[in-house]
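Colleague: turn this into a structure:
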Amino acid sequence: MSAVRDVAVFVGSLRKESINRKLAKALAELAPSSLKLEIVEIGQLPLYNQDDDQNPPQAYTEFRARVKAADAVLFVTPEYNRSVPGVLKNALDVASRPYGQSAWNGKPGAVISASPSAIGGFGANHHLRQSLVFLNVPAMQQPEAYLGGADKLFDARGKLANDGTRTFLQQFIESFANWIAIHAKP
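Modeller: Below is the predicted model:
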C-alpha cells in the first residue's frame, strides 16, 4: 500500500457560505484513500510586506511550515474581477518569500474554480496558473475544471446535489491523485 499524500487545500473565498469552500469539502469526501485533503486557512495572514522578511509574523512562519509539510497543493477559487481574490494572491506571496525560500517549490498542484457565472471562474483559474508556473508548482493540466452555475450545485446542507457534477469531481480528484503520484517527491 502506498503512503497517504497530504494535500493542502487553499480556498480563495473567505465567505462563510462560500461555494468554493463547499466544493473543497466535497472534493475531500470524494478523494481516494491515497489522499488526505485539509483546508489551510488563509484569511488570518497579514498582507505580505518584504520589510517583515527578517522578523516575520508568526502567522507567516506557521503558514510557510504548513505549505512545506504538504505533499501537494490544491487551489479552489472563485473569480474576482477576472483574477484571483486578493487573499489567495497574498497567500501565494507569503509562502513564496523570502526570495529563494519558496515553500511552493516543486509541489504538485491543481486548480479548480467555481462561480455562479456561466464561465465558472475561467479568468481566475488561468491567472492563478500563471503564478504557479513561476512558483515551480507543476499544475495538473487535464481535466480542466471550471464549474459554472455553481450556486445551484449544492443542497441546503452544502452537499453536492448533482450527479453529473459528482462524477466529474470524482474524475478530477482521481486524476489529481495520479498527478501527485507522478510528480511528488519520494
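Colleague: what about A145, neighbour count?
Modeller: 24 (other CB atoms under 10 Å). For glycine as for every other residue, the C-beta is placed from the backbone atoms N, C-alpha and C.
Colleague: equivalent analysis for A118, please.
Modeller: Around A118 there are 9 residues (other CB under 10 Å).
Colleague: which residues are in contact with it?
Modeller: A118 makes contacts with G148, G149, as judged by CB atoms under 8 Å, 6 or more residues apart in numbering.
Colleague: roughly how far apart are D93 and M140?
Modeller: Note on D93: its distance to M140, by CB to CB, to the nearest Å, is 22 Å.
Colleague: which one's more surrounded, these two?
Modeller: Legend: neighbour count by other CB under 10 Å for D93 and M140, higher for M140 (22 against 16).
Colleague: separation between the most centrally placed residue in the chain and G121?
Modeller: Closest to where the C-alpha atoms of the chain average out (CA atoms, centre = their mean) is F75, at 1.4 Å. F75 sits 11 Å away from G121, going by CB to CB.
Colleague: now P78
Modeller: Where G121 is concerned, P78 sits at a distance of 6 Å (CB to CB).
Colleague: likewise for L35?
Modeller: 22 Å.
Colleague: settle it for me: which of these two has more neighbours?
Modeller: Neighbours of L35 and G121, each counted by other CB under 10 Å, are more numerous for G121; the result is 31 against 22.
Colleague: which ones are touching the more buried one?
Modeller: If you count contacts by CB under 8 Å, 6+ apart, then G121 has T77, P78, E79, S113, A114, S115, Y146, L147 around it.
Colleague: having no further points to raise, I will conclude here.
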